[in-house]
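**Q** just the structure for this:
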Amino acid sequence: MTKIPKINIVNATRAHSASLFFFHGSGSTGDDVKEWIDIINRGELKFPHIKIIYPTAPLQPYTPNNGMSSHVWFDRKAISIKAAEDTESINSICNTITELIDNENSLGILNSRIVVAGFSMGGALSLYLSYKYKLSLAGCCATSSFLNKNSLVYQNLKDNRGTRTPSLLQIHGTEDPLVPIQWAEETYNNLKQLGVNTQFVPIAKVDHMLSKPGIETFKKWLLNILPEM
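**A** Numbers count the residues shown, from 1 in each chain. Model prediction:
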């Protein structure tokens, strides 16, 4: 099974009653994305009741990087909505993250009090976890992310029609050159048609990056999904 090399944790400042996993983009680390969020937030992102978990992806060969090793959650044949998914690679990392989620359960945090979120590839990982592996999670947030056409997620939702699914927030910069906003909109429309309660927030004049308006939107949404108990 894929191993997670490092995890950066921000504990709840009071009583821990919910957990947030935030997954970085390809080639980054949990430390990097935490620092990026904290800079945008103008102070460390923390909550009275929500523990934040920033894992670092394993170092593994990445096809779009000419097969060179990079900190990536899974392999991709290409950064394209038309590419076929590397199911084995996706399954491996989702099983690994599921163990981390199970660890939160062992601390008394139910799946209904856990949100997964991420940027770019980390957002895609969140989508796989929420709509293929852990339908009982509270919510999912994907920023600058997409699912491939014919994604295994779509088939799973078709097979589980009528099942409650996590609420979804998608955030995307209108000027994203790496992941065109049209890919995210197609993902949104497909998921909505399959019964996902989803909200799409375009951020004007922003490219492939986290942004202040995006982080503020995310924080409000998160506290609505995981209120203090």
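
**Q** quick check: Leu127 touching Cys141?
**A** No - counting by C-beta atoms under 8 Å, Leu127 stays clear of Cys141, with 9.8 Å between them. Bear in mind the C-beta positions are built from the backbone N, C-alpha and C, glycine included.

**Q** and for the two, which residues touch both?
**A** Listed as contacting both Leu127 and Cys141 by C-beta atoms under 8 Å, 6 or more residues apart in numbering are Leu168.

**Q** more neighbours, the two?
**A** For Leu127 versus Cys141, neighbours defined as other C-beta atoms under 10 Å are more numerous around Cys141 (30 against 26).

**Q** is it true that that one lies in a helix?
**A** No - assessed by DSSP: H, G, I helix; E, B strand; the rest coil, Cys141 does not belong to a helix; its assignment is strand.

**Q** can you classify the residue lying closest to it once chain neighbours are set aside by secondary structure?
**A** Of all residues beyond its chain neighbours, the one nearest Cys141 is Ala117 (3.8 Å), with distances taken as C-beta to C-beta, 6 or more residues apart in numbering. Secondary structure assignment for Ala117 (three-state DSSP): strand.

**Q** what's the mean pLDDT across stretch 34-45?
**A** For stretch 34-45, mean pLDDT is 98.

**Q** just stretch 51-62 next, same as before
**A** For stretch 51-62, the mean per-residue pLDDT is 97.

**Q** now it: buried residues?
**A** 51-58, 60, 62 (16 or more other C-beta atoms under 10 Å).

**Q** check stretch 26-36 too.
**A** For stretch 26-36, the neighbour count (16+ other C-beta under 10 Å) marks 26, 28-30, 32-34, 36 as buried.

**Q** distance to Ser80 and secondary structure for the residues you listed - can I get that in JSON lines?
**A** What follows is the buried residues of stretch 26-36, written out as JSON lines (distance: C-beta to C-beta, whole Å; DSSP: H, G, I helix; E, B strand; the rest coil):
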{"residue": "Ser26", "distance to Ser80": "14", "secondary structure": "coil"}
{"residue": "Ser28", "distance to Ser80": "20", "secondary structure": "coil"}
{"residue": "Thr29", "distance to Ser80": "25", "secondary structure": "coil"}
{"residue": "Gly30", "distance to Ser80": "26", "secondary structure": "helix"}
{"residue": "Asp32", "distance to Ser80": "25", "secondary structure": "helix"}
{"residue": "Val33", "distance to Ser80": "23", "secondary structure": "helix"}
{"residue": "Lys34", "distance to Ser80": "29", "secondary structure": "helix"}
{"residue": "Trp36", "distance to Ser80": "25", "secondary structure": "helix"}
